[in-house]
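K.L.:
Okay, here's the prediction I keep looking at, along with the sequence it came from:
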Amino acid sequence: MEQINFRVSKDEKQVLKILAELKGVSVAEFVRQIVLKEINPIRIDLAFRLLAEGKISRKRAWLISGLTYHEFMLEWEKRRANELIPNIIREKELENALTIDLKRFLKDKLDKSKESVTEKY
C-alpha cells in the first residue's frame, strides 16, 4: 500500500471529521472512499479511450478500468467498443497463420487419435 498526504484548512478538516463520523469510518477512510468514487468514471473513460485509439489491449483496458470483468463487458456493450488492432500485429498474425502446415497438423492429430483408440482396446 502507498500513502498520499495533503493539507486541508481547519474548517475543512472539521467538516470531514463530522461526515466521517456519520459514516462510521475514520477521516482517512472517508477521504479515500470519496477519491476512489470520484476517479472511477475517469478511469473507465480513459481505459476505453486508450482502447479505441489502439494504444492498449482489451485486457489492459479492463485492468485500467478497475471494473470486474463482467462489469467491463457490460460497459463494452454499452459503449459499443471495438478493439483496434494495429496493422503490424495483424500482419504478424497473418504471417504466422500462413506458416502453419495444416496437412501435417491434421496428420499428427489423426495419428494421435488412432493411438488413443488402439490403447483403449
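P.N.:
Received, thanks.

K.L.:
Show me the contact partners of stretch 29-40.
P.N.:
Leu16, Leu19, Ala20, Lys23, Val25, Gly66 (Cβ atoms under 8 Å, 6 or more residues apart in numbering). (Each C-beta comes from the backbone N, C-alpha and C, glycine too.)

K.L.:
Just the buried residues from those residues, in ChimeraX please.
P.N.:
Restricted to buried positions by 16 or more other Cβ atoms under 10 Å, the ChimeraX selection for the contacts of stretch 29-40 reads:
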select :16,20
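
K.L.:
any idea which of the contacts of stretch 29-40 is the one closest to Ser9?
P.N.:
Leu16 (10.4 Å; Cβ to Cβ).

K.L.:
Name all residues that make contact with that closest one.
P.N.:
Taking Cβ under 8 Å, 6+ apart, one finds Val8, Val27, Phe30, Val31 in contact with Leu16.

K.L.:
Please identify the helix or strand for it.
P.N.:
Following DSSP states H and E, one finds Leu16 within helix 10-23.
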